[in-house]
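Participant: predicted coordinates and the sequence they were generated for:
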Amino acid sequence: MATEAQEAAKIEQLAHANPDEIEVAAGREKEQLEGWIPSLASEAETREALEKAFDYRGDITITRKDGTKVEGYLFDRRSGATLESSYARVIPTNSPEKVNVAYSDIAALAFSGRDTAAGKTFEAWVKKYWEKKAAGEKNIQIEPEKLD
């Protein structure tokens, strides 16, 4: 719980802070990937889609060429010289055992789970803060949302 002095200092900082001035790292455009089923027609498309799947904060579904599916969170990938030597590492939703899938065995990829990071930027937090402040709420704090 913040003291009144800390709260006043926080309000003063947020009132004058410009996200463009306080952010030193170059950002990148956020893509809406939830529900996306990328084309995996070429090696380059496969590699690019799996890089995006690695950055994605939701579950994905990989359909192997033999028809089996793995649904879960892509937590790692190993990019080799060929698709046969490259692997996606997934924690399945129905098992704690990690699964390795060679890029060459992937027939389809779907961004099937909810993007848990969507709408949870610092700017969104600040916007919510100012909305609560404008509504007259007292003792406002910026806190992260609970995870599902």
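Facilitator: Looks like it arrived, so ask away. Numbers count the residues shown, from 1 in each chain.
Participant: which residues does the spatially most central residue of the chain contact?
Facilitator: Nearest to the mean C-alpha position of the chain, counting by CA atoms, centre = their mean, stands Arg57 at 3.0 Å. The neighbourhood of Arg57, defined by CB atoms under 8 Å, 6 or more residues apart in numbering, consists of Asp115, Thr116, Ala117, Ala118. Glycine gets a C-beta too; all of them are placed from N, C-alpha and C.
Participant: can you pull the contacts of Leu109?
Facilitator: Remark: with contacts taken as CB under 8 Å, 6+ apart, Leu109 is in contact with Ile37, Pro38, Leu40, Ala49, Leu50, Ala53, Ile60, Thr61, Ile62, Thr63.
Participant: again with Thr61
Facilitator: Applying CB under 8 Å, 6+ apart, the residues contacting Thr61 are Lys69, Val70, Glu71, Ala108, Leu109, Ala110, Ser112.
Participant: make a PyMOL selection of the buried ones in these.
Facilitator: This is the PyMOL syntax for the buried subset of the contacts of Thr61, where burial follows 16 or more other CB atoms under 10 Å:
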select buried, resi 70+71+109+110+112
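Participant: Ile37: neighbour count?
Facilitator: Number of residues near Ile37 (other CB atoms under 10 Å) recorded here: 13.
Participant: that one and Thr63 touch, don't they?
Facilitator: No - under the criterion of CB atoms under 8 Å, Ile37 lies out of contact with Thr63, with a separation of 9.9 Å.
Participant: shared neighbours of these two, anything?
Facilitator: Each of Ala108, Leu109, Ala110 lies in contact with both Ile37 and Thr63 under the rule CB under 8 Å, 6+ apart.
Participant: I'd say the first one and Leu40 touch.
Facilitator: Yes - the pair formed by Ala108 and Leu40 meets the contact definition of CB under 8 Å, at 6.8 Å.
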